[in-house]
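K.L.:
sequence below, structure please.
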Amino acid sequence: MERITIYLRTTKTSGKIKLRFRLTEGRSVQLFHKSDIEADLNDLKKFNPDGSLKPRITVYNEDLRKALDREIDAMREAYSQLKQNAANGTDFDAKDFELRIDMILNPDKYDADKASRKESLIERFRRYIAGLREFGTVAPSRADIYKTTCDKLERYLIITKKSRYLPENFTTEDIWGFRDFIINEYKYVAKYPRLYDGLRKTSVPQHVATQNTATAKLRTLQSFFNDLEGDDEIVKSPFRRLSRGRRNEVMREQYDEPYFLYHEEFQTILKTEVPESLSSTKDAFLLQCAIGCRISDFRKLTMDNIAVTEDGIPYVRYLPKKTMRAQLDRKEKTTPLMLFAVEIIRRKGFDFDVVRHNPGTNMYNKKIKELLEYCKINRIVSRFNEASGTMERVSLSSLGSSKLCRKTHIDMASKVQVNMYATGHHSIGSSAVGHYSVLEIRDLFILLCAAFRQPQFRVDGNLNVISELETIM
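P.N.:
From the prediction side, this is the model:
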């Protein structure tokens, strides 16, 4: 296989130089390429001869990295094309090699009509994402998900030699191919290391992805194609070209049997004295269970999010980050606070180092696992292993994460509500239920206190308890 390296022949130790590259294959092939890249030698020292970053390098010239990738990829593609021509009886030399690289890097120079050149699929997808960000169509975190999908799609197209695809070129078979790529992308990391240079370690696939992960990425891609179809940029989305059965299969989601803390397990954590190293984690974990919000919202809560009703019920109010853009109104989410939650807030506010610090890491999740293990929350639950395709039995403590807080809150709260369809007056999904009934803060407070078996109480404006407690059995 060919080998491409940066070809340096200079006595300079600083300053800028124009880069040359060399392609070799065995002893019989040696081709050189002069690029237009002007690189600072200090920046270049951070890269290996093959253009990859040196180990443990975190600060580098990102523009130079992209330029090296672009040049080397063009050389590899040019050589591949010329070798194919040679197999069909057409010889080539160094001039042909340079010309073919230039055609790949500067296709506009060789287009009969430059104005007619269309955006590639990836170019159009990136412009679509930029529009989502500019006009606030989706939350920034949601736009990041679109970008992750686009990055994966670009790697898929490069590896399958379809990088010049236009939006209309993407077929139903590509949907299946991209789905398989998402699930098994970890297999390509060692084979195509240049595609993963510069990515954060946590962003590089290390193992098989879940089917649900693939479906989530495909849904963002489907939204993109749906909008192209709606704007008459393409005749029909490839997703709509799938039969209903095949569409259901490719977009299928499967969930494990739900797991959450039982009431007894929650009480065990609440009552267990933990070492100082787990104290902040315990408070944060219990408070998040009480509120039931996502970690993205929990991180942003401050004392400004706390309010008290006229009759003394404390509650937290916030706009959910994930769904606020999709809401028809800007109504805040309101959740009454139970006594143990108020006590934590009075002591700590929302100042939890384990939650707010170390962005981009799983420190909070790791500490939750330690907390559950310390409190001996070791009930065995079932989980599907994507790699082996089998069910495995694992300790609940090993699955500890911020999601367990939300799952526990939802499970406990749902089990104390009266089933509004049980009388038979309304079918599930009936709009009449929403028209005729609404749970107000006082109702929610009573339900949550019952769910967590906490006493009812009232507070003043400073969160001081001012009424006698009514114990809920």
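K.L.:
past the longest helix along the chain, which element shows up next along the chain?
P.N.:
Criterion DSSP state H: the longest helix present in the chain is helix 62-87. Going down the chain from helix 62-87, the next helix or strand is helix 94-105, by DSSP states H and E.
K.L.:
would you map the strands across the protein?
P.N.:
Assigned by DSSP state E, the chain shows strands spanning 3-7, 16-25, 29-40, 306-308, 314-318, 333-336, 380-385, 390-395.
K.L.:
to Phe170, which of the ones you listed lies closest?
P.N.:
For the strands of the chain, proximity to Phe170 was assessed by CB to CB; strand 3-7 is nearest, at 29.3 Å. Every C-beta, even on glycine, is put in place using the N, C-alpha and C of the backbone.
K.L.:
partner strands of the closest one, parallel or antiparallel?
P.N.:
Sheet pairing of strand 3-7 (DSSP bridges) gives strand 16-25 (antiparallel).
K.L.:
could you list the residues in contact with the strand it pairs with?
P.N.:
Outside strand 16-25, the residues within contact range by CB atoms under 8 Å, 6 or more residues apart in numbering are 1-10, 29-41, 44, 68, 71-72, 75, 79, 97.
K.L.:
one more pass at 7 Å, please.
P.N.:
Here strand 16-25 makes contact (CB atoms under 7 Å, 6 or more residues apart in numbering) with 1-7, 10, 30-35, 37-41, 71-72, 75, 79.
K.L.:
filter those to the buried ones?
P.N.:
With burial judged by 16 or more other CB atoms under 10 Å, the buried subset of the contacts of strand 16-25 is Ile4, Ile6, Leu31, His33, Ser35, Ile37, Ala39, Glu71, Ile72, Met75, Tyr79.
K.L.:
tell me who's in contact with the fifth one.
P.N.:
Listed by CB under 7 Å, 6+ apart, the contact partners of Ser35 are Leu19, Arg20, Phe21, Glu71.
K.L.:
ditto for the second one
P.N.:
Each residue near Ile6 by CB under 7 Å, 6+ apart is listed here: Leu19, Phe21, Pro49, Gly51.
K.L.:
now the buried members of those.
P.N.:
Buried members of the contacts of Ile6, counted by 16+ other CB under 10 Å: Leu19, Phe21, Gly51.
K.L.:
and of those residues, the nearest to Ala87?
P.N.:
Nearest to Ala87 among the buried ones among the contacts of Ile6: Phe21, at 23.7 Å, using CB to CB.
K.L.:
what average pLDDT does stretch 195-207 get?
P.N.:
Averaged over stretch 195-207, pLDDT sits at 85.
K.L.:
hang on, the earlier thing: now render the strands of the chain as a markdown table, adding distance to Asp151 and mean pLDDT.
P.N.:
Output for the strands of the chain, formatted as a markdown table (distance: least, CB to CB, whole Å; pLDDT from 0 to 100):
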| stretch | distance to Asp151 | mean pLDDT |
| --- | --- | --- |
| strand 3-7 | 23 | 93 |
| strand 16-25 | 25 | 93 |
| strand 29-40 | 23 | 92 |
| strand 306-308 | 39 | 95 |
| strand 314-318 | 30 | 94 |
| strand 333-336 | 32 | 91 |
| strand 380-385 | 27 | 81 |
| strand 390-395 | 31 | 85 |
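K.L.:
JSON lines for those, including distance to Pro193?
P.N.:
Converted to JSON lines, the strands of the chain look like this (distance: least, CB to CB, whole Å):
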{"stretch": "strand 3-7", "distance to Pro193": "13"}
{"stretch": "strand 16-25", "distance to Pro193": "17"}
{"stretch": "strand 29-40", "distance to Pro193": "20"}
{"stretch": "strand 306-308", "distance to Pro193": "50"}
{"stretch": "strand 314-318", "distance to Pro193": "42"}
{"stretch": "strand 333-336", "distance to Pro193": "44"}
{"stretch": "strand 380-385", "distance to Pro193": "27"}
{"stretch": "strand 390-395", "distance to Pro193": "31"}
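K.L.:
mind checking which of those is nearest Gly292?
P.N.:
strand 333-336 (6.4 Å).
K.L.:
list the contacts for Leu242?
P.N.:
Thr172, Ile175, Val250.
K.L.:
report how many residues lie close to the nearest residue to Val204 once chain neighbours are set aside.
P.N.:
Leaving aside its sequence neighbours, Val204 sits nearest to Tyr196 (CB to CB, 6 or more residues apart in numbering; 5.1 Å). Per other CB atoms under 10 Å, the neighbour tally for Tyr196 reads 17.
K.L.:
ok, now the one 5 residues further on?
P.N.:
Counted with other CB under 10 Å, residues neighbouring Lys201 total 8.
K.L.:
now do the end-to-end distance for stretch 219-239.
P.N.:
Using CA to CA, to the nearest Å, the end-to-end distance of stretch 219-239 comes to 10 Å.
K.L.:
distance from the chain centre to that stretch, please.
P.N.:
Stretch 219-239 has its C-alpha centroid displaced from the chain centroid by 22 Å (CA atoms, centre = their mean, to the nearest Å).
K.L.:
just the buried positions in that stretch, please.
P.N.:
Those would be 220-225, 227-229, 234, 237-239, for stretch 219-239 by 16+ other CB under 10 Å.
K.L.:
now for these, which pair is the farthest apart?
P.N.:
Thr220 and Ile234, at 16.7 Å, using CB to CB across the buried residues of stretch 219-239.
K.L.:
may I see the buried residues of the longest helix of the chain?
P.N.:
For helix 62-87, by 16+ other CB under 10 Å, it's 64-65, 67-69, 71-79, 82.
K.L.:
for those residues, which one is nearest Thr268?
P.N.:
Nearest to Thr268 among the buried residues of helix 62-87 is Arg65, at 50.6 Å by CB to CB.
K.L.:
count of neighbours near the nearest residue to that closest one once chain neighbours are set aside?
P.N.:
Closest residue to Arg65 apart from its sequence neighbours, by CB to CB, 6+ apart: Gly198 at 5.7 Å. Residues near Gly198, counting by other CB under 10 Å, number 16.
K.L.:
repeat for Lys271
P.N.:
Other residues near Lys271 come to 8 when the count uses other CB under 10 Å.
K.L.:
cool, Phe298 as well?
P.N.:
Using other CB under 10 Å, Phe298 has 23 other residues around it.
K.L.:
when you give positions from now on, start the count at 8
P.N.:
In the new numbering, first residue 8, that becomes Phe305.
K.L.:
now it. Nearest residue, chain neighbours left out?
P.N.:
Gln295 is the one closest to Phe305 (CB to CB, 6+ apart), at 5.2 Å.
K.L.:
and the one you found, how close does it get to Arg413?
P.N.:
8 Å (CB to CB, to the nearest Å).
K.L.:
do the same with Lys278
P.N.:
Computed as CB to CB, the Lys278 to Arg413 distance reads 22 Å.
K.L.:
where does the stretch 8-157 of the chain dip in pLDDT?
P.N.:
Applying pLDDT under 70 to the stretch 8-157 of the chain flags residues 95-97, 117-124.
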